[in-house]
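Asks: Build me a model:
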Amino acid sequence: MRPNRRAMLLPLFLAFALSACTLPPPSAETGNVTIVLTDSPGFAFDNAWVTVRAVWFHKVETAPFDSTSTGWVRFPLDPAMTLNLAALSGGTVRTVFDNLALPPGTYRQLLLFLEPTENALTPSAMANGLRFNNQVDAGSLRAALRVPNAAQGIRLAGPFQIDNAALLRLAVDFDIGHGVIPFNRGAVQEFILQPRLRAFDLDNAGAIVGFIDTAAAGDNTAFFEVLAEQIDTTLGGRVVRRAAAVNNATGRFVLYPLVPGTASTAYDIVIRGIGWQTTIVKTVPVNGGTTPGSGATVRGTAAKPIPMTPGIDFRIDGSITATSGALAKFYQTLGTDAPYVIRQTNFDPLSGTIGNFPLAAGQVNVDTFNPTTYNGGTIILIGQTPTPANGSYLLVAESPLYNPSASPSGGLPVNPSSALSPFTITGLTPTSPAVPTNINVTATVPFSVVPMDNVVLFATFGGTILNALPLGNVPDATILTNAVMNIPGGQSGSPFSLAFYGVSAYGWTTGADNVLRIGTPVPLAKPQTGDASVAFTIQKVTLP
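Replies: This is a model prediction of the structure:
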């Protein structure tokens, strides 16, 4: 029952709750920040609910989560706010924190806290008719959205400049189209949040609004995605700045907010749908001070939309070792252009796998942006063959604190023949000066939680799973001693100050029960000068 669940988890969150009530001390000078949430979700699910409970700021990049440290400036949200990220499309934003007063300065990170999914329902979640504080709805399915190590927050790196007597309006993008991942807890369908937050200054932002043809948009199986990309000369390829979904009824899409960009910093827009050929429109400018309703760059109109061409896909399976929480990017190269990101997806963060993932097998249809043509003119796209052939991709895996598996032009080749043989990427290497370290875990398994058909240990950095270790069946009470490996850390004489990780476990049975087993309390491992050790007890949480 809910009261038992709350009582069991209370010790884990009591210190957090008390410290979160500490507001910044009075100051002769203050600046202000307003935080809004935004998203451009896919339409693979109807709703994605999250319950926000606090935000913390810190001026030191390497400060770890600490419920008692005086360095954090903490703002609780009382009562907590539940909102539907899937409703924040088309440039919609929702204010969560308004005019927070902070001492002026440069803040290097913030932590955004969600109410743990396993906790008793907050009043705001209850008011929205939810079963869980964080929840995904898809048709008749109302599933838990798990937030790994929620008590330690979701980290967003700065800098965030707070000036005296000035207001910073900060938009935070969850990107649930990529960050909400299906998770099968035995016979129970759930989801897990693998957050990769982005932030935008709304007073230095612009918008792109466009349309694809309604015949394509009306294909409910296509799940069209629009990516805004810019060239990163250091990387040697393009990087995704924002993703958007397409409205099935109208074909409209909105990319907002975006950092302004013209000429060499203009955006390339990639449009991809399952069963449709990829389209790229190059060098699309974004002017500052524009919004979806005023002054946005127009890419196709309702009367003269961007035409899409039906195509065929091939599907692939694959895995990554020792970095299960990585993001997979599939690049294509057109002529001498720097590689474009055509599709991206998270590996399953608990298993390190990708399954049945679709990629377009045909040509890419390309044009260069012209304001006259794309604001009411007839748009004509030219088909191009990617290097070296249609359906050819280069796969690169990346994860926070690690080097990418390869450069965009040197990734693992993937093509239609890959459908016959699953790919494998070996574990990523930590970014220098970090080196691979182990987190040695001692997990006590009491009689009350066994048997378990599956147990997975995992380590998170700022709320994102870096690596997981599946242990399989645990039939009896025991003490598990294992290591989560290849975690970025330091060594004697060369410490790595960002090495602070939450470590926990999920356990479950293969049946359709309403019990999840969770490692409690969640310790903070700090392998800053070598391997670290942590301990916790796996406890049973009864779910609705």
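Asks: Strands along the stretch 301-450 of the chain, start to end?
Replies: 313-320, 327-332, 340-346, 353-360, 364-368, 382-384, 393-398, 412-414, 423-425, 435-445 (DSSP state E, counting those that start in this stretch).
Asks: Out of those, which gets nearest to residue 137?
Replies: strand 340-346 (20.3 Å; CB to CB). To be clear about C-beta, it is placed using only N, CA and C from the backbone, and glycine gets the same treatment.
Asks: Can you list the buried residues in that closest one?
Replies: Buried residues in strand 340-346, counted by 16 or more other CB atoms under 10 Å: 340, 341, 342, 343, 344, 346.
Asks: Can I get it in CSV? Just the C-alpha atoms.
Replies: C-alpha atoms of strand 340-346 as CSV (Å, rounded to 0.1, in the frame of the first residue of the first chain):
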residue,chain,number,x,y,z
TYR,A,340,24.9,14.6,-41.4
VAL,A,341,23.1,12.9,-38.4
ILE,A,342,20.2,11.1,-40.1
ARG,A,343,18.9,9.2,-37.1
GLN,A,344,19.8,8.8,-33.4
THR,A,345,18.6,6.5,-30.7
ASN,A,346,19.6,5.5,-27.2
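Asks: which residues touch it?
Replies: 178-179, 181, 194, 225, 227, 229, 237-240, 268, 270, 272, 278, 280, 325-334, 354, 357, 359-360, 364, 393 (CB atoms under 8 Å, 6 or more residues apart in numbering).
Asks: Let's see that with 7 Å instead.
Replies: 178, 181, 194, 227, 229, 238, 240, 268, 270, 272, 278, 280, 327-332, 354, 357, 359, 393 (CB atoms under 7 Å, 6 or more residues apart in numbering).
Asks: Who are the contact partners of the closest residue to residue 509 other than its chain neighbours?
Replies: What sits nearest to residue 509 in space, not counting adjacent residues and going by CB to CB, 6 or more residues apart in numbering, is residue 453, at 4.9 Å. By CB under 7 Å, 6+ apart, the contact set of residue 453 is 186, 473, 508, 509, 510.
Asks: Run through the bridge partners of residue 341.
Replies: residue 331 (DSSP bridges).
Asks: pLDDT wise, what is it at?
Replies: On the pLDDT scale, residue 341 is placed at 98.
Asks: Kindly provide the distance from it to residue 232.
Replies: 11 Å (CB to CB, to the nearest Å).
Asks: Mind listing the shared neighbours of those two?
Replies: residue 238.
Asks: Strand partners (parallel or antiparallel) of the host helix or strand of residue 211?
Replies: Per DSSP states H and E: residue 211 is located in strand 206-211. Taking DSSP bridges as the criterion, strand 206-211 pairs within the sheet with strand 252-258 (antiparallel), strand 297-299 (parallel).
Asks: how many neighbours does residue 70 have?
Replies: 9 (other CB atoms under 10 Å).
Asks: Report the contact partners of it.
Replies: So residue 70 contacts nothing (CB under 7 Å, 6+ apart).
Asks: tell me the phi and psi of it?
Replies: Per-residue torsions, residue 70: phi -80, psi -10 (degrees, to the nearest 10).
Asks: now it: how far from residue 58?
Replies: 11 Å.
Asks: that older thread, closest one to residue 127 out of the buried residues of strand 340-346, please.
Replies: Of all the buried residues of strand 340-346, residue 127 sits closest to residue 346, with 31.0 Å by CB to CB.
Asks: For that closest one, name its beta-bridge partners.
Replies: Listed by DSSP bridges, the beta-bridge partners for residue 346 are residue 327.
Asks: Mind pulling up the pLDDT for it?
Replies: As predicted, residue 346 sits at a pLDDT of 95.
Asks: quick revisit: may I see the strands of the stretch 301-450 of the chain organised as a markdown table, with distance to residue 200 added?
Replies: Formatted as a markdown table, those follow (distance: least, CB to CB, whole Å):
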| stretch | distance to residue 200 |
| --- | --- |
| strand 313-320 | 30 |
| strand 327-332 | 20 |
| strand 340-346 | 19 |
| strand 353-360 | 29 |
| strand 364-368 | 26 |
| strand 382-384 | 32 |
| strand 393-398 | 21 |
| strand 412-414 | 32 |
| strand 423-425 | 31 |
| strand 435-445 | 34 |
